[in-house]
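Engineer: I'd like to go over a predicted model; first the sequence, then the structure.
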Amino acid sequence: MINPRPRPCESTIIGAVPAGPDCAKATQRWVLAATVLGSTMAYVDESVVNVALPTIERDLGTSLAAMQWVVNAYTLSLSALLLIGGAAGDRFGRRRVFVIGTVIFAAASLGCGLAPGIVPLILGRAAAGAGAALLIPCSLAIIGAAFAESERGKAIGIWSGASAIAAGLGPLLGGWLIDHESWRVIFLINPVIAIPTLWIALRCLPESRDPDARSALDWPGAALAFAGLGCLAYGLIAASDLGWRDREVVLALAAGALLLAAFVRHERHSAAPMMPLDLFRSRRFSGLNLLTLLLYGALGGAFFFLPFLLIQVYGYSATQAGAAFLPFTLVLGALSRWSGGLLDRFGARWPLIVGPAISALGLALLASPGADGSYWTSFFAPMVVLGFGMAITVAPLTTAVINAVPAQRTATASGINNAVASVASLLVIALLGSIATAELDRAMDRHLAALPASPEIARAVDGVRGGFVVPPLPETLPPEASETVHAVIASSFVEALRRMMLIAAALAFASALATALTIDPDDPRV
């Protein structure tokens, strides 16, 4: 039986390190092991699901809108509860909240893997996001409490590097499992990883908390944020089926706007706000979060649609689609340390202009392939360029956010910035999904009108509407007609997804402009 009692080396004071060099080193090794394993669950889950979306949509016989909710349910919970998770760890104990988050995440993942239909799957994803919102911020807080300030940077580097590698390899491993087993297996990996994570956390990790933490958590703020973002996401996704003027869509968008306005009002008057609005009085801090909103929204939208293009148009297996992301991950990981050195030479401003601009170029290049290009000529170079642009951006952005606020508020600032990145992905995926569905329908209408197509061909093409997965064609369809249907669908997919990549590129370029306009070149802190 696992004994959850505190270990002899434990510390209950924030930032304190256990006494005795041998005890401290052993504890630190266990801390890194547990936090890397816990974060790996969350980051792998987040990165691998995109590769599984076409298979899930086909197997469950659902729509693109449902696939948006598979991603957005997770992101919605994570976005709304991320700051609450960090505050709960400070108050109730980082190890305790980390363990609770791990248990929730593992149980939710098990539910996703066994889900009999799309609704239970979406609910399981929402629960997994809540678990991730507890374990991710507590991972960093546990590291911060276990390592002295002189060792903390190296420890966080190990944690972030291992998490990045796991997130990069996740789509490749997940794709292989989808091809050889089932999409359900990718969710069943997490409960297996949770077993050693919980064993280490309960037996070997010290407890730590912040003695100065606020006594109250901002649950009303979290509820308003969750409801407001949920209504906005619902309205944006529903617009693809109902139209932008539909009463249900208008009411959902209006409710979302009102709830988020109520959230801002609540945060302004709350004694313990989860998002202190006074931080946004800094033009620099606001500009950095605007950059984050635009750039990470672009990245989330592009990476949502790319597997559909690779699998549905180019005929990639799930494994091959997962491998297509490797150049991005490898370049980002290999150059992260180098990009940190750019701060010493140029400050953060120029990297935060150049990096997003290069990322915009990479996304624009992803819009160039036709329906018959090879991976090496169509995707490899854009992914390398995109990885290079993000490598230039990530470290300077993190540092600039921390430098933009007083030292005692760096954790809050970092949490807000992470939440903004999640919200960006949530909203852009919801919006682009509606635009992509409309673009796909228009493209198919143009191609059908240009043929002209027989009723048999038109019916086969119409089977794609509302989704982004090609259904099985009728066996009675003649070979020539089947070739025509495939050509129409492939060309329409390419046209629709090309526009999504161009919109993502425009958002990334706008993030570079946001930096140029909001960060003063004469500010010594940037």
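Structural biologist: Cool, the structure landed. Numbering: from 1, shown residues only.
Engineer: L288 touches T399, doesn't it?
Structural biologist: No: here L288 lies out of contact with T399, judged by Cβ atoms under 8 Å, at a distance of 10.3 Å. (Each C-beta comes from the backbone N, C-alpha and C, glycine too.)
Engineer: and these two? which has more neighbours close in?
Structural biologist: Using other Cβ atoms under 10 Å as the criterion, L288 and T399 rank with L288 on top: 28 against 17.
Engineer: Settle this for me: S336 is touching L397, isn't it.
Structural biologist: No: under the criterion of Cβ under 8 Å, S336 lies out of contact with L397, with a separation of 12.0 Å.
Engineer: Who has more neighbours out of the two?
Structural biologist: Each of S336 and L397 has its neighbours counted (other Cβ under 10 Å); L397 has more, 26 against 18.
Engineer: Now name the helix or strand holding that one.
Structural biologist: With elements taken from DSSP states H and E, the one containing L397 is helix 381-403.
Engineer: Which elements pack onto that helix?
Structural biologist: Contacting helix 381-403 under the criterion 3 or more Cβ pairs under 8 Å, 6 or more residues apart in numbering; DSSP states H and E are the following elements: helix 283-308, helix 326-346, helix 349-365, helix 410-450.
Engineer: Please work out the average pLDDT along that helix.
Structural biologist: With pLDDT averaged residue by residue, helix 381-403 scores 87.
Engineer: so how many other residues sit close to R265?
Structural biologist: Residues contacting R265 under the criterion other Cβ under 10 Å number 12.
Engineer: swap in W350?
Structural biologist: Residue neighbour count, defined by other Cβ under 10 Å, stands at 18 for W350.
Engineer: Find me the pLDDT at it, would you?
Structural biologist: Model confidence at W350, expressed as pLDDT, equals 86.
Engineer: One more: A16?
Structural biologist: A16 is assigned a pLDDT of 43 by the prediction.
Engineer: ok, now which ones touch A227?
Structural biologist: With contacts taken as Cβ atoms under 8 Å, 6 or more residues apart in numbering, A227 has the following neighbours: L259.
Engineer: which parts of the helix or strand containing it are buried?
Structural biologist: In this structure, A227 sits in helix 219-242 according to DSSP H and E. Taking 16 or more other Cβ atoms under 10 Å as the basis for neighbour counts, the residues of helix 219-242 that come out buried are 221-242.
Engineer: Check stretch 380-393 too.
Structural biologist: Buried residues in stretch 380-393, counted by 16+ other Cβ under 10 Å: 382-393.
Engineer: What of stretch 112-119?
Structural biologist: 112-113, 115, 118.
Engineer: residues near A487, how many?
Structural biologist: As a burial measure, the neighbour count of A487 was computed by other Cβ under 10 Å and equals 13.
Engineer: how much space between it and L310?
Structural biologist: Remark: distance between A487 and L310 (Cβ to Cβ, to the nearest Å) = 18 Å.
Engineer: A238 now?
Structural biologist: Distance from A238 to L310, counting by Cβ to Cβ: 27 Å.
Engineer: likewise G463?
Structural biologist: 21 Å.
Engineer: A33 too?
Structural biologist: Computed as Cβ to Cβ, the A33 to L310 distance reads 35 Å.
Engineer: Can you lay out the helices and strands packed on helix 381-403 as CSV showing distance to F92?
Structural biologist: Written out in CSV, the entries for the helices and strands packed on helix 381-403 read as follows (distance: least, Cβ to Cβ, whole Å):
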stretch, distance to F92
helix 283-308, 28
helix 326-346, 33
helix 349-365, 36
helix 410-450, 16
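Engineer: List the contacts of I122.
Structural biologist: Residues counted as contacts of I122 (Cβ under 8 Å, 6+ apart) are 66, 69-70, 73.
Engineer: What about G315, how many residues nearby?
Structural biologist: When neighbours are counted by other Cβ under 10 Å, G315 registers 9.
Engineer: Tell me if I'm right that L232 and I429 touch.
Structural biologist: No: here L232 does not reach I429: they are 11.9 Å apart, not a contact under Cβ under 8 Å.
Engineer: what do the two both touch?
Structural biologist: The overlap between the contact sets of L232 and I429 (Cβ under 8 Å, 6+ apart) is empty.
Engineer: Please state the offset of the helix holding L397 from the chain centre?
Structural biologist: Taking the mean C-alpha point of helix 381-403 and that of its whole chain, the gap between them comes to 15 Å (Cα atoms, centre = their mean, to the nearest Å).
Engineer: go on, stretch 441-449?
Structural biologist: Between the centre of stretch 441-449 and the centre of its host chain there is 33 Å, according to Cα atoms, centre = their mean.
Engineer: Output it as PDB - backbone C-alpha positions only.
Structural biologist: C-alpha atoms of stretch 441-449 as PDB (Å, rounded to 0.1, in the frame of the first residue of the first chain):
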ATOM      1  CA  ASP A 441     -18.900  23.900 -49.600                       C
ATOM      2  CA  ARG A 442     -18.300  26.800 -52.000                       C
ATOM      3  CA  ALA A 443     -15.300  25.100 -53.500                       C
ATOM      4  CA  MET A 444     -17.300  21.900 -54.200                       C
ATOM      5  CA  ASP A 445     -20.100  24.000 -55.700                       C
ATOM      6  CA  ARG A 446     -17.700  25.700 -58.100                       C
ATOM      7  CA  HIS A 447     -16.100  22.400 -59.200                       C
ATOM      8  CA  LEU A 448     -19.500  20.700 -59.600                       C
ATOM      9  CA  ALA A 449     -20.800  23.600 -61.700                       C
END
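Engineer: Rounded mean pLDDT for that stretch, please.
Structural biologist: In this model, stretch 441-449 carries a mean pLDDT of 84.
Engineer: Return the set of buried residues in that stretch.
Structural biologist: 441, 443-444, 447-448.
Engineer: export those residues to TSV and tack on distance to L169?
Structural biologist: Listed next are the buried residues of stretch 441-449 as TSV, based on distance: Cβ to Cβ, whole Å:
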residue	distance to L169
D441	36
A443	35
M444	36
H447	38
L448	42
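Engineer: Surely L121 is in contact with M67?
Structural biologist: No: under the contact definition of Cβ under 8 Å, L121 does not touch M67, with a separation of 10.2 Å.
Engineer: So for these two, which sits in the more crowded spot?
Structural biologist: M67 (28 against 25).
Engineer: quick one: contacts for the more buried one?
Structural biologist: 53, 56-57, 468.
Engineer: Which of those sits closest to L365?
Structural biologist: For those, the residue nearest L365 by Cβ to Cβ is F468; the value is 21.4 Å.
Engineer: what's the nearest residue to R409 if we skip its chain neighbours?
Structural biologist: Closest residue in space to R409, ignoring its immediate chain neighbours: L279 at 6.9 Å, by Cβ to Cβ, 6 or more residues apart in numbering.
Engineer: For the helix or strand hosting A107, give the mean pLDDT please.
Structural biologist: Element membership for A107, per DSSP H and E: helix 94-113. Average pLDDT, helix 94-113: 93.
Engineer: What residues of that helix count as buried?
Structural biologist: Of the residues in helix 94-113, those buried by neighbour count under the rule 16+ other Cβ under 10 Å are 94-113.
Engineer: Likewise for stretch 190-197?
Structural biologist: With burial defined by 16+ other Cβ under 10 Å, the residues of stretch 190-197 counted as buried are 190-191, 193-194, 197.
Engineer: Contact partners for F105?
Structural biologist: Residues touching F105, when contacts are defined by Cβ under 8 Å, 6+ apart, comprise 41-42, 45, 128, 131-132, 135, 190, 194.
Engineer: for L507, that is, sorry about that
Structural biologist: Taking Cβ under 8 Å, 6+ apart as the definition, contacts of L507 comprise 294-295, 297-298, 301, 428.
Engineer: What's the first helix or strand after the one helix or strand C138 maps to?
Structural biologist: For C138, the host element (DSSP H and E) is helix 118-146. Toward the C-terminus, helix 118-146 is succeeded by helix 149-180 as the next helix or strand (DSSP H and E).
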